[in-house]
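1. model the structure of this input:
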Amino acid sequence: MNKWKWFVYILECVDGSYYVGMTWKPELRYDQHLSGLGGKYTAKHPVRRLVYLEEYEDLELARIRERQIHGWSRIKKEKLIKGVWGKI
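-> Sure, this is the predicted structure:
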């Protein structure tokens with residue numbers, strides 16, 4: 001049985017855009033994004049702060065959730081961040 005925990009997260013960038021990602025080490029991944037090594041998007045759109053985090057014990061469920069949130073509008077992401085849109 002896999003004991004890893006997976007995290008789906010949303011970062012707010014300095015330009016106000018959102019970045020959605022997934023990791024098993026959120027602190028390390030956040031530091032990578034801050035340093036410009038986290039990915040192409042956050043290298044061009046520096047990170048302001050972590051605004052949302054969900055935890056999963058199943059990798060596939062975390063992947064599905066990440067893809068789901070990626071497809072959402074900005075308004076729907078903001079509702080999730082504010083806690084008015086629950087887990088599906």
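2. what mean pLDDT would you report for stretch 40-48?
-> Across stretch 40-48, the average pLDDT comes to 95.
3. in this protein, which helix is the longest?
-> Secondary structure of the chain per DSSP state H: the longest helix is helix 59-70.
4. buried residues, that helix. List them.
-> By neighbour count with 16 or more other Cβ atoms under 10 Å, helix 59-70 contains the buried residues 62, 65-66, 69. Backbone N, C-alpha and C define where each C-beta goes, glycine included.
5. want to throw these into TSV with pLDDT and distance to G83?
-> Below are these laid out as TSV (pLDDT from 0 to 100; distance: Cβ to Cβ, whole Å):
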residue	pLDDT	distance to G83
A62	98	20
R65	98	16
E66	98	19
I69	97	14
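6. pull the most distant pair out of those residues.
-> A62 and I69 (10.8 Å; Cβ to Cβ).
7. what is in contact with those two at once?
-> V8 (Cβ atoms under 8 Å, 6 or more residues apart in numbering).
8. what's the longest helix of the chain packed up against?
-> Where contact means 3 or more Cβ pairs under 8 Å, 6 or more residues apart in numbering; DSSP states H and E, helix 59-70 is packed against strand 6-13, strand 18-23, strand 47-56.
9. could you dump those strands to JSON lines with mean neighbour count and distance to W85?
-> Below are these laid out as JSON lines (neighbours: other Cβ atoms under 10 Å; distance: least, Cβ to Cβ, whole Å):
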{"stretch": "strand 6-13", "mean neighbour count": "20", "distance to W85": "12"}
{"stretch": "strand 18-23", "mean neighbour count": "19", "distance to W85": "14"}
{"stretch": "strand 47-56", "mean neighbour count": "15", "distance to W85": "10"}
